[in-house]
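[1] When you get a sec, could you give me coordinates for this:
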Amino acid sequence: MTRRRPATRRRTRRPGKRKQQRDAQLIALVVVATAVISLVVMVVNWLLAHWWVLLAALVLAALAGAGWLYGRQQRARWDAVRAQGLRYALSELDVLHHAKFEEAVRDLMRRDGCSDARRVGGGGDLGADVKATDPLGRRWVIQCKHRRHGARGSAVGTPDMQVLNGTARPVHGADVAVIVTNGRVSGPAVTFAKQQRLHVVDRQMLAAWASGSRPLWELLRAVPPPRRPTSLS
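    Numbering: from 1, shown residues only. Predicted structure coming up:
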């Protein structure tokens, strides 16, 4: 007779560690959620019972917001006042880095009332360093040419004018295209500028503009007419 082997007991698999961890995390999440909900309910009930506290908080928040808005308006107002008094001497402009020179031109345009004046110079600027819209609606595109040695530096030449002429109107939509330099402008460049209705702000005109209070369009000749109606039109 063959002997029967005793039946082997099947091993019961114990839950793995990962499952235990997931269960523990789920329990913890339920506990935290219950506590948060209970806290929110307590706070809401307390506020309903003490509604004046909520009202006071809202009033304080409104006052704080109004104070922040007023302070911002005051800072903007003082910035405008300082901008109106902005002045530069040629000696100050001569020592600037070319990027800072562009920023100075931008700030002078803002002083004159071009609130949207911005510096756009840099790699691939396509002949525009500063763009602005004056209070009469005209779009200005300005190419800045800084010379470290001022009048003793190299003159702005016809090639610079050609770059401005080729991009200011067709690419940037300029009504007024200007080259501003703290140095010299060659005779042929001045002739080319007149032929192509470009405007030149050389060292002498820059001195009058930067150290005075008249806007640039009052110093330049043959500026296009306003785009917006004025009280004098």
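[2] Let me see the mean pLDDT of the helix or strand containing Ser91.
    Here Ser91, judged by DSSP states H and E, is contained in helix 90-94. Confidence over helix 90-94, taken as the mean pLDDT, stands at 95.
[3] any residues touching that helix, and which ones?
    If you take CB atoms under 8 Å, 6 or more residues apart in numbering as the criterion, helix 90-94 is touched by 101, 104, 146-150, 182, 203, 206-207, 210-211. To be clear about C-beta, it is placed using only N, CA and C from the backbone, and glycine gets the same treatment.
[4] Arg118: which of those residues is nearest?
    Checking the contacts of helix 90-94 against Arg118 with CB to CB, the nearest one is Ala104 at 13.5 Å.
[5] mind checking which helix or strand that closest one is in?
    Secondary structure assigned from DSSP H and E places Ala104 in helix 98-111.
[6] Walk me through the domains of the chain.
    Listed domain ranges for the chain are 18-82, 90-219 (source: automatic domain parsing).
[7] From the chain's centroid, how far away is the shortest one?
    Distance of domain 18-82 from its chain centroid, counting by CA atoms, centre = their mean, to the nearest Å, is 31 Å.
[8] Identify the residue nearest Leu220 in space, chain neighbours excluded?
    Residue nearest to Leu220 in three dimensions, not counting chain neighbours: His199, with 5.1 Å by CB to CB, 6 or more residues apart in numbering.
[9] err, Asp134, not the other one
    Computed as CB to CB, 6+ apart, the closest residue to Asp134 that is not its neighbour in sequence is Cys114, at 5.3 Å.
[10] is it fair to say the one you found lies in a strand?
    No. According to DSSP: H, G, I helix; E, B strand; the rest coil, the state of Cys114 is coil, so it is not within a strand.
[11] Double-check it against Thr133; I have them as touching.
    Yes. At 6.0 Å, Cys114 and Thr133 qualify as touching, with contact defined as CB atoms under 8 Å.
[12] overlap in contacts of these two?
    The contact lists of Cys114 and Thr133 share Trp140, where a contact means CB under 8 Å, 6+ apart.
[13] Give me the more crowded residue out of these two.
    Neighbours were tallied for Cys114 and for Thr133 using other CB atoms under 10 Å; the higher tally belongs to Cys114 (23 against 17).
[14] Can you pull the phi/psi pair for Trp140?
    Backbone torsions for Trp140, taken as degrees, to the nearest 10, come to phi -110, psi 130.
[15] same deal with the one 5 residues further on?
    Reported as degrees, to the nearest 10, the phi and psi values for Lys145 are phi -130, psi 100.
[16] next one: Val223
    Val223 has phi and psi values of phi -80, psi 140 when expressed as degrees, to the nearest 10.
[17] And Ile179, by the same measure?
    The phi and psi values for Ile179, taken as degrees, to the nearest 10, are phi -110, psi 130.
[18] my guess is it meets Leu198, correct?
    Yes. Taking CB under 8 Å as the contact criterion, Ile179 and Leu198 are neighbours in contact, 6.9 Å apart.
[19] Could you list the low-confidence segments of this protein?
    Along the chain, the parts satisfying pLDDT under 70 run over 1-15, 74-84, 122-125, 228-233.
[20] now the strands for it?
    Along the chain, the segments classed as strands by DSSP state E run 118-119, 130-133, 139-145, 176-181, 199-201.
[21] Work out which residue lies at the spatial centre of this structure.
    Taking CA atoms, centre = their mean as the criterion, Arg118 is the residue nearest the geometric centre of the chain, at 7.8 Å.
[22] Which residue is the nearest non-sequential neighbour of that residue?
    Counting by CB to CB, 6+ apart, Arg118 lies nearest to Lys131, which is 6.0 Å off, once chain neighbours are set aside.
[23] Lovely, talk soon.
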